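Q: can you look at this prediction? I've put the sequence above it.
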Amino acid sequence: MSFTALHRAVGATPGPVTDGLLDAAVAAGTTEANDLDWKGPLPPAKGLAQTDFPKDVAAMANSGGGLIVYGVEESQKAATGRVDVGEFNETYERSLRSAAITAISPPVFGLNVHRLKSADGKRAIVVEVPASIDGPHLIYRNDYFGAPVRNDSDTVWMKERQIEAMYRARFEERRHASEALDALFGEATAGRDSDKRAWLIAVAHPRIPVLRERMTRDRARYVWATTEPLALAYAGREGMHPLENVDRDNPRPGLRRWVAVSMATGDGSRWKEAWMSIHHDGSVTLAAAVGGHRRSRDSNFEGWEIPSSAIECAIADVMALIRTTAEATDNGSTTFV
């Protein structure tokens, strides 16, 4: 689910971008804002990189993200009606995504393109530009470049000090992301007997955490339940999956997180010990013993011996958990180690 400028305009709760939502916003005469830009017809697909589309996308990305809506008439920045944008196919959508990557530096990834159609057949295209921490996003025209940004309902060019501030923010974000990962890694490694056997520690943290509401226990259960089939699709059942050795059905509350504790507690099963956590901000952690696994029915590998299948299964599990948690918490780009 997402919460966009259209949802805000009509007082809707988070949810998908629908034609009914657009109709309600147009009927209310919603005015353009930092995160909402009304457009009439679509720009031509041929030479798209030379149109205003890259500038509009870069401006939204530099302003915290927002919607560019094609198929809406406006007067004095307020929506007045719908117009049909015409045929829109996969080729055109690829052109939009390509222009956001090739005509903007650094590229803007992760565009969401919504195709809408009203009851009377009028088609609209909503381009959802994600928030970005890679700004300033620049537009090049021959030997010149500029950094567009939204100023309420207008798109303007940044001044030198604004560009400087945005570069500083980018470097600060990278430092904070590194600190967040270090903190998660320190928590995940605490208490592990790594002097006796090898452990795989993996942590992930969203680059721009979305904090809407605290994740419920049932939601955490759902995330782990949807993670298992995805992990098995990645790695199959040839090895030991950490997901199979944590208590996913009864996650315990932690500090702004849910923890799936290890079920391998007996002396005969400690070789498959694993711990997982899902944080309310979308971060995830995995600590899994990968050394000393079972060699045969009555013997184990040494603690420093690591079966390749243990690594493959652990990586598959954590990558699947990153994906399902990102979807459940509406988080997009994730930095992880």
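A: On my side now, so go ahead.
Q: in which helix or strand does residue 172 reside?
A: When elements are assigned from DSSP states H and E, residue 172 belongs to helix 160-189.
Q: mind showing which ranges of the stretch 1-150 of the chain have poor pLDDT?
A: When residues are selected by pLDDT under 70, those of the stretch 1-150 of the chain lie in 1.
Q: in it, which spans are helices?
A: 5-10, 19-27, 53-62, 90-102 (DSSP state H, counting those that start in this stretch).
Q: burial count for the residue nearest to residue 301 when sequence neighbours are not counted?
A: Nearest non-adjacent residue to residue 301, counting by CB to CB, 6 or more residues apart in numbering: residue 295, 5.1 Å away. (C-beta placed from N, C-alpha, C; glycine too.) Counted with other CB atoms under 10 Å, residues neighbouring residue 295 total 13.
Q: mind checking the SS state of residue 295?
A: Three-state assignment for residue 295 (DSSP: H, G, I helix; E, B strand; the rest coil): strand.
Q: about what we covered before: just checking, what packs against the helix holding residue 172?
A: Packing partners of helix 160-189 (3 or more CB pairs under 8 Å, 6 or more residues apart in numbering; DSSP states H and E): strand 199-206, strand 284-289, strand 334-336.
Q: which of the residues in that helix are buried?
A: In terms of neighbour count (16 or more other CB atoms under 10 Å), helix 160-189 has its buried residues at 162-163, 166, 173, 177, 180-181, 184-185, 187-188.
Q: so what's residue 313 up against?
A: 231, 235, 238-242 (CB atoms under 8 Å, 6 or more residues apart in numbering).
Q: packed most tightly, which of the helices and strands packed on helix 160-189 would that be?
A: strand 284-289 (a mean of 27; mean count of other CB atoms under 10 Å).
Q: identify the residues contacting that strand?
A: 184, 187-189, 192, 197-204, 242, 270-279, 310, 314, 317-318, 321-322, 325.
Q: can you tell me the strand partners of it and which way each runs?
A: Here strand 284-289 has these sheet partners by DSSP bridges: strand 199-206 (antiparallel), strand 274-279 (antiparallel).
Q: tell me which of these approaches residue 7 most closely.
A: strand 199-206 (20.8 Å; CB to CB).
Q: any idea of the mean pLDDT for that closest one?
A: For strand 199-206, the mean pLDDT works out to 93.
Q: helices or strands up against the helix or strand following it?
A: Downstream of strand 199-206, the next assigned helix or strand under DSSP H and E is helix 217-235. Judged by 3+ CB pairs under 8 Å, 6+ apart, the packing partners of helix 217-235 are strand 257-260, strand 274-279, helix 308-329.
Q: which is the next helix or strand following helix 217-235?
A: strand 252-254.
Q: who does that next one touch, helix- and strand-wise?
A: strand 257-260.
Q: now the helices and strands packed on helix 160-189 in JSON lines, with distance to residue 133?
A: Formatted as JSON lines, those follow (distance: least, CB to CB, whole Å):
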{"stretch": "strand 199-206", "distance to residue 133": "10"}
{"stretch": "strand 284-289", "distance to residue 133": "19"}
{"stretch": "strand 334-336", "distance to residue 133": "10"}
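Q: keeping just the C-alphas, turn stretch 86-98 into CSV.
A: Taking C-alpha atoms only, stretch 86-98 is exported to CSV below (Å, rounded to 0.1, in the frame of the first residue of the first chain):
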residue,chain,number,x,y,z
GLY,A,86,-4.5,7.7,-25.8
GLU,A,87,-2.8,4.4,-26.3
PHE,A,88,-0.1,3.4,-23.8
ASN,A,89,1.8,0.1,-24.3
GLU,A,90,4.7,-1.7,-22.8
THR,A,91,7.1,-0.1,-25.2
TYR,A,92,6.1,3.4,-24.1
GLU,A,93,6.4,2.5,-20.5
ARG,A,94,9.9,1.2,-21.1
SER,A,95,10.7,4.5,-22.8
LEU,A,96,9.6,6.4,-19.6
ARG,A,97,11.8,4.2,-17.4
SER,A,98,14.7,4.5,-19.8
